[in-house]
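In: Requesting a structural model of the entry that follows:
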Amino acid sequence: MFFNHAHLIKRTPTATTLFALCFALAANPARAADAAPEEAAADSGSLEEITVTAEKRPQSLQTTPISISVLSGKDMVNRHVQSLTDLGDGAIPSLRVAPFFSRPGALIVNIRGVGVLSDSNQPARDQGVGIYIDGVYQGRPQGLGAALYDVENIEVLKGPQGTLFGRNTEGGAVNIVTKRPSGEFRMNTTVGAGNFGSYKGETHIDLPEFHDVSFKIDAVVSHRDGLIKNPLAGASDFNGYDKRGVHAELLWKPSPNFTVDLAGDVSYDATTTLYQQLLSPGTNKLAAAAKIQDRRAETAAVGSPEQPSVGKSKGVRLNLEWQIAPALMLKSISSYRKLTQSQFDNASGSTSMQQALTTANPTGNFNSFAFSRYSLAYFKQNQISQEFQAIGEFGDHLKYAFGALFYQEKVTDNAQAFNTNTFTNADGSSYTTANIDPATQRIDRASHVKTTSIGAYGQATYTPALMEDMFHLTVGARFTRDKKVGSLFIVNNAPPVIPINGVNVSGPIGLNSSWSRVDPMINLSADLTRDVHVYGKWSTGYKSGGANSRALDYEPFNPETVSMFEIGAKTEFFDHHARFNVAAYYGHYKNIQLDFSGLYEDVVNGVRVATTRTTTNTVNAPGTGKLKGVEAELTLAPLSGLTLTGSYSYNSVKIPDTLNPFPQTGGVLITVPIPIYQVYTPAHSASGSIDYEIPMNGFAIRAHLDGNYDSGFYGAYTDSAYNSVTRAVTYKQPKGDAGLIFNGRLALADIVLGNSDTKMTVSVWARNLFNEQHVFLKSGAPTSGVAGFFNDARTLGGELNMKF
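Out: Here you go, the predicted model:
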């Protein structure tokens, strides 16, 4: 439960139905772990063992009693996954990754529909899914789209992970594990090119161990021109990227029991905004230059200023491991990271060429009408973290993990917005584009926040000495204290206004709030046979409280919380040629953080006075939301060289009706709570793949095909027009389209060159192989109509890989 130190704060389907459904629709894109099991599996044609670190120690996926999906490095190559952004097609169905509106420089991530932060440009707000790279928490949504370095695997831990992973893991955690230095000379280099001017180069070099020191360096560059042309000469096209980075790691083993792992990285991620298309008109009058584009456009309807948004990040990590005794290991994870992110977003030019007919302008004269909103922002963050862990065993029947964590980040942001285009005639058929210097424009929003978090946790697993050690009881708890201190300097183009004794006073608004949290967990599991494992667990997690920098009053809101029951089974059969894992969950969702926008009301001499200033407030929904779902994963190896996978996820999130705090049209206050949609959460998602390898004389033929489906999701919490008196929806919020995307790869692999150990692989790949079109994110209103973003067009290319 929480202790706020500043502001007080259906049943699931039957097991039979779940298992039948999951057998029909199952499984996971996961694969390999370490080399020895992989080679043994290849020889026998059976499935490879997967090793995960979800409980702070290496162990088999099948014996870890929580729902986990794994994407291996091999899977990433087959799917042409270069960053977390590429997981947006649904490779792991219960994981949803999407850009923040039109801005791929910041990502929205949720698991099981939990943890959504729909406005990622918020210094005092957090996501509810923790992203970790080699044990280091990544504090901001900005920077998550950067290129990844030589990944061993990506572990997706589903459901609340508040005990072992702590703050902001109410939905789960994404644990990215990279390859460590091997101590042997190795070189792995890939170059490639494709359509839309794309090219790629990456190299990974391992140096031989020297005086107990091993060293590895990774370098990557990935570029693609825009997918949609910008008619404005000299401006960047839409939806392009340029990613670059270097990662170096030094591994020192001064003794068999002590390891020093020092790593550093620098990355550069330049992206251009996605293109928002007008799909259908509303009641507003459209300019003659406006276009209804209900199919994926190749060229934007209007030219507008556009340049890349650039994210730069760098960091250093120091891991120490001391095997102090055969049954006790001490660990230290220290890190420092720094991030800057610029934003240049002009996605709405093609949707803003419209205006309402008014008494002052009854004919809709477009002459001198300004449009095409250019949103600029600058975001700066630095973070330090220190975690200590003690992982060990008492005899054969008790395992434990204890730890303590300190985390601190400082975040500063500012933002501004202005129109860049102006119509020059009455019907809106011609316009001019101004080259506006941002330095001449007012700052719309500026704030600074420092977050400090401390935590301590413990978890223990007891295996009683009965029935051949069949049962395992795991209990754990974590204490966390978060504190946020900051200031809102500018909002809505002006300093904030604070009513004091009925008189408005202009000046910065301070934030000084803290919350304490205890997250318990209990898990009972059983090994029914060597290959059949079942479990039931109850766990909790939370997303930190904060404040909305778009709100004129900067009032803090409380953390949102999740408590969840989960049951599951992990099985292998047919002599390890088939693997079937299934989980079902039911949970309670409280204090859900929701955003509402409207007109702000000042208090002047004790009287509420409506103004023309808009504000966005975050409120905690009343009551308790309900979560339920099913996940299933099936992997088959029916023939030597052939692997089939499939996975399915069903998510249901019900949020309590919530009162909109702002007056609506005509200044009328809504007094009845309104329906709320969960955003970025499809009800049904599925993924499947086919991999086939044919050994040849001196090389192998490898073919891969995967398909990914989701049923569509909402992009906004509420309907655009709702009558609170009759409770009738007069304009329903549009939902994104369902999508089915296929990706493929064909390779001539491991071609032996001469008598050396050098091997070459030549491959061709395609993402969205059949060039399927769907609008994944929509928004709409009665006046402006419906606008949205299409999925990416087909991209394809070829690559050459050399391994030495």
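In: residue nearest the centroid of the protein?
Out: The centroid of the chain falls nearest to V109 when counting by Cα atoms, centre = their mean (2.5 Å).
In: Pairing-wise in the sheet, spell out the partners of that residue.
Out: V97 (DSSP bridges).
In: how close does it sit to S544?
Out: Going from V109 to S544 by Cβ to Cβ, to the nearest Å gives 15 Å. C-beta: built from backbone N, CA, C; applies to glycine.
In: rewinding a little: report the separation between the residue nearest to the centre of the chain and I655.
Out: 19 Å.
In: mind listing what F366 touches?
Out: With contacts defined as Cβ atoms under 8 Å, 6 or more residues apart in numbering, the neighbours of F366 are A287, Q355, F423, N425, A426, D427, G428.
In: Look at the fourth one and give its secondary structure.
Out: Remark: N425 carries the secondary structure label coil [criterion: DSSP: H, G, I helix; E, B strand; the rest coil].
In: one step back: pull up the gap between the residue nearest to the centre of the chain and P438, please.
Out: 30 Å.
In: next one: E633
Out: Using Cβ to Cβ, one gets 49 Å for the distance from E633 to P438.
In: Quick check: buried residues in the helix or strand encompassing S513?
Out: Secondary structure assignment for S513, by DSSP states H and E: strand 509-527. Using 16 or more other Cβ atoms under 10 Å as the test for burial, strand 509-527 gives I509, L511, S513, S514, W515, R517, D519, M521, N523, L524, S525, D527.
In: Tell me the helix or strand right after it.
Out: strand 532-543.
In: Parallel or antiparallel, which strands does the helix or strand just after that following strand pair with?
Out: Following strand 532-543 in sequence order, the next helix or strand is strand 560-573 (DSSP H and E). If you go by DSSP bridges, strand 560-573 pairs up with strand 532-543 (antiparallel), strand 578-590 (antiparallel).
In: from the chain's centre, how far out does strand 560-573 sit?
Out: Put simply, strand 560-573 sits 21 Å off its chain's centre (Cα atoms, centre = their mean, to the nearest Å).
In: the inter-axis angle of it versus strand 509-527?
Out: 30 degrees (axes from the mean of the first three to the mean of the last three Cα atoms, to 10 degrees).
In: mind listing what's buried in stretch 315-322?
Out: G315, R317, L318, N319, E321.
In: what two of those have the greatest distance between them?
Out: G315 and E321 (19.6 Å; Cβ to Cβ).
In: residue contacts, the residue nearest to G568 when sequence neighbours are not counted?
Out: Spatial nearest neighbour of G568, excluding adjacent residues (Cβ to Cβ, 6 or more residues apart in numbering): A583 at 3.7 Å. By Cβ under 8 Å, 6+ apart, the contact list for A583 reads S67, K158, E566, I567, G568, A569, V630, E631, A632.
In: How about E631?
Out: C22, S67, P93, S94, K158, V582, A583, A584, S647, Y648, S649, Y650.
In: that older thread, are any of the contacts of F366 buried, and if so which?
Out: For the contacts of F366, buried by 16+ other Cβ under 10 Å: A287, Q355, F423, G428.
In: K410: which of those is nearest?
Out: For the buried ones among the contacts of F366, the nearest to K410 is Q355 (42.3 Å; Cβ to Cβ).
In: surely the closest one meets G364?
Out: Yes - under the criterion of Cβ atoms under 8 Å, Q355 makes contact with G364 at 6.0 Å.
In: pLDDT-wise, which helix or strand of the protein ranks last?
Out: In the chain, the helix or strand scored least confidently by mean pLDDT, DSSP states H and E is helix 15-25, which has a mean of 37.
In: ok, back up a step: E633 and P438: which has the busier surroundings?
Out: E633 (29 against 12; other Cβ atoms under 10 Å).
In: Could you pull up the mean pLDDT of stretch 522-535?
Out: Averaged over stretch 522-535, pLDDT sits at 98.
In: err, stretch 280-295, not the other one
Out: Averaged across stretch 280-295, the pLDDT comes to 95.
In: cool, stretch 332-349 as well?
Out: 94.
In: How far away from the center of its chain is that stretch?
Out: Distance, centroid of stretch 332-349 to centroid of chain: 14 Å (Cα atoms, centre = their mean).
In: buried stuff in that stretch?
Out: Counting neighbours by 16+ other Cβ under 10 Å, stretch 332-349 gives 333-337, 339-349 as buried.
In: Might one say that D427 is in contact with A287?
Out: Yes - counting by Cβ under 8 Å, D427 touches A287, with 7.1 Å between them.
In: sorry, back to before: what's the most distant pair in the contacts of F366?
Out: Farthest apart among these - using Cβ to Cβ - are Q355 and N425, which lie 14.1 Å from each other.
In: tell me the contacts of G349?
Out: With contacts defined as Cβ under 8 Å, 6+ apart, the neighbours of G349 are A300, A301, V302, G303, S304, F371, S372, R373, T420, N421.
In: How many residues are close by the closest residue to the fourth one other than its chain neighbours?
Out: This points to G303. Distances taken as Cβ to Cβ, 6+ apart place L232 nearest to G303, at 3.0 Å, with adjacent residues excluded. By the criterion of other Cβ under 10 Å, L232 has 20 neighbours.
In: Okay then, goodbye and thanks.
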